[in-house]
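# Provide a 3D model corresponding to the input given below.
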Amino acid sequence: MSKSFVESLQPPHPLPSQVARPESSHMPVGNHQEAQKRPEAPTVLVMNHHRDPLGDLSAALANHGYRVQVGDSLAQSHRLLEDARPEVVVLNPLVLCAGGVELGLLEALQQDDDPVPVILLVDDLQALAEARDMKIPFRDFVLKPCSAAECVHRVELALQTRLRIRGLHVRTRQLESQVSVDFKTGLFSELHMKRVLGLEWKRAQRHQNPLSLLLLDVDNFKGINDTTEYAFGDEVLSRVGEALRSTVRETDFAARFGGDEFCVLLPQTSPAEAVQTALRIRQRIAGMVVQNLNYQRQVTVSIGVDSYDGRSPGGVDNLRRRANRALQEAKRRGKNQVWLFSGEENEK
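As a prediction, this is how the structure comes out:
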């Protein structure tokens, strides 16, 4: 590798005037000691198991503000990894082999949402190909004899990549949270509730426990939106969500199923118990008045109920379909009603 190429890889900021001197053949001092005092300094673990002279590399990393730890044996690297998880690993392997101790140390560091980048020092491209065949979890490599400046540059790139991966996973978790929660009511979203329905149905089958489903519809909600404002309609939905959260048990699941329809899943709940829960919900909401400076409305809901006994054939879709038929029957009978599916609804 030419000198000009190595110089082009150096970071734009200059090196400090005082170059760190190694305390021994492995541990640098000077700026390294200052970096150790700063808890925010990223930790770079140099696993120098081959015991090449890497003092210049350790000093260069320390001069760039990194906290450098050196493990010149498998045992020492293992002890350092038990104490703390580094931000980057530079591995100068003793003998890389599938199922070996070095590979085990690297694999133990990796996490799906926060992998530790590994920079592999290799003698030649053949060794690099062998490392790839063994699926060694390294992100980058440097050919030996390695330039300290190039290694520092590779470490900086690895840290930037790790920060991006962390940010992406944080954003992913935020989006998943948004998808699983309905922002208007704070209840579960329809997408999340469908997953819960599938899981609870399987659990009810496995343990032969009853499982009940309530479908709720806000009566005359279109009329509320047509005669008020959409913001007032959103307030009605929010108040219904509050009523559901305060009425059901901690082991129950309440969700908004889009529009003005809600769903409550009641594990280990018989039809009679489900009807009692539905009656409490209906009564709680019927006694609720939603108002602001311009509008005031009394809100009621219709509720359809169906239950699965944990033994009969069928599926989640049938449970939801029957609860919906019961809901339509409750609305047909005058609204502000609770109706348990009986099977006679099929004839209407």
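# could you find the closest non-adjacent residue to L103?
Take L103 and drop its neighbours on the chain: the residue closest to it by Cβ to Cβ, 6 or more residues apart in numbering is I136, 6.3 Å away. All C-beta atoms are positioned from the backbone trio N, CA, C, and that covers glycine.
# helix, strand or coil for that neighbour?
The local conformation at I136, judged by DSSP: H, G, I helix; E, B strand; the rest coil, is coil.
# likewise R85?
Strictly by three-state DSSP, R85 counts as coil.
# the residue nearest to L103 reaches G100, doesn't it?
No - taking Cβ atoms under 8 Å as the definition, I136 is not a contact partner of G100, at 9.8 Å.
# out of these two, which sits in the busier spot?
Summary of the neighbour comparison: I136 and G100, criterion other Cβ atoms under 10 Å, with I136 having more neighbours (22 against 16).
# residues touching that one, list them.
Contacts here follow Cβ atoms under 8 Å, 6 or more residues apart in numbering; on that basis I136 touches 96, 103, 106, 118, 120.
# what ranges does the stretch 1-150 of the chain have for its helices?
Applying DSSP state H, counting those that start in this stretch to the stretch 1-150 of the chain gives helices spanning 3-8, 31-37, 55-63, 74-83, 101-109, 125-133, 148-180.
# TSV for those helices, including mean neighbour count, distance to R282 and mean pLDDT?
As requested, the helices of the stretch 1-150 of the chain are exported to TSV (neighbours: other Cβ atoms under 10 Å; distance: least, Cβ to Cβ, whole Å; pLDDT from 0 to 100):
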stretch	mean neighbour count	distance to R282	mean pLDDT
helix 3-8	10	74	38
helix 31-37	17	65	48
helix 55-63	24	68	94
helix 74-83	15	58	91
helix 101-109	16	55	85
helix 125-133	13	64	86
helix 148-180	15	27	85
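# can I get these in TSV including distance to V89?
Compiled in TSV, the helices of the stretch 1-150 of the chain are given as follows (distance: least, Cβ to Cβ, whole Å):
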stretch	distance to V89
helix 3-8	22
helix 31-37	17
helix 55-63	12
helix 74-83	9
helix 101-109	7
helix 125-133	14
helix 148-180	9
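# before we move on, back to that, V316: which of the contacts of I136 is nearest?
For the contacts of I136, the minimum distance to V316 (Cβ to Cβ) is 43.0 Å, reached by L106.
# so what's the residue count around the closest residue to that closest one other than its chain neighbours?
The spatially closest residue to L106, leaving aside those adjacent along the chain, is P137, at 5.2 Å (Cβ to Cβ, 6+ apart). If you count neighbours by other Cβ under 10 Å, P137 ends up with 17.
# how about the backbone phi and psi for P137?
The main-chain torsion angles of P137 are listed as degrees, to the nearest 10 and equal phi -80, psi 60.
# contacts only, for it.
P137 makes contact with 106-107, 110, 115, 118 under the criterion Cβ under 8 Å, 6+ apart.
# go with 10 Å
Applying Cβ atoms under 10 Å, 6 or more residues apart in numbering to P137 gives the contacts 89, 103, 106-107, 109-110, 115-118, 120, 131.
# and it, how far is that from L159?
For P137, the distance to L159 equals 17 Å [Cβ to Cβ, to the nearest Å].
# ramachandran angles for the residue lying closest to V196 once chain neighbours are set aside?
Sequence neighbours aside, F253 is the residue nearest to V196 in space, at 5.2 Å (criterion: Cβ to Cβ, 6+ apart). Note on F253: its backbone torsions stand at phi -130, psi 130 [degrees, to the nearest 10].
# quick one, helices of the stretch 151-300 of the chain?
With DSSP H, counting those that start in this stretch, the ranges of helices along the stretch 151-300 of the chain come out as 190-207, 221-227, 230-247, 271-286.
# next, format the ones you listed as JSON lines and append mean neighbour count, distance to R320 and mean pLDDT.
Formatted as JSON lines, the helices of the stretch 151-300 of the chain follow (neighbours: other Cβ under 10 Å; distance: least, Cβ to Cβ, whole Å; pLDDT from 0 to 100):
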{"stretch": "helix 190-207", "mean neighbour count": "15", "distance to R320": "8", "mean pLDDT": "92"}
{"stretch": "helix 221-227", "mean neighbour count": "14", "distance to R320": "20", "mean pLDDT": "91"}
{"stretch": "helix 230-247", "mean neighbour count": "18", "distance to R320": "17", "mean pLDDT": "93"}
{"stretch": "helix 271-286", "mean neighbour count": "18", "distance to R320": "14", "mean pLDDT": "96"}
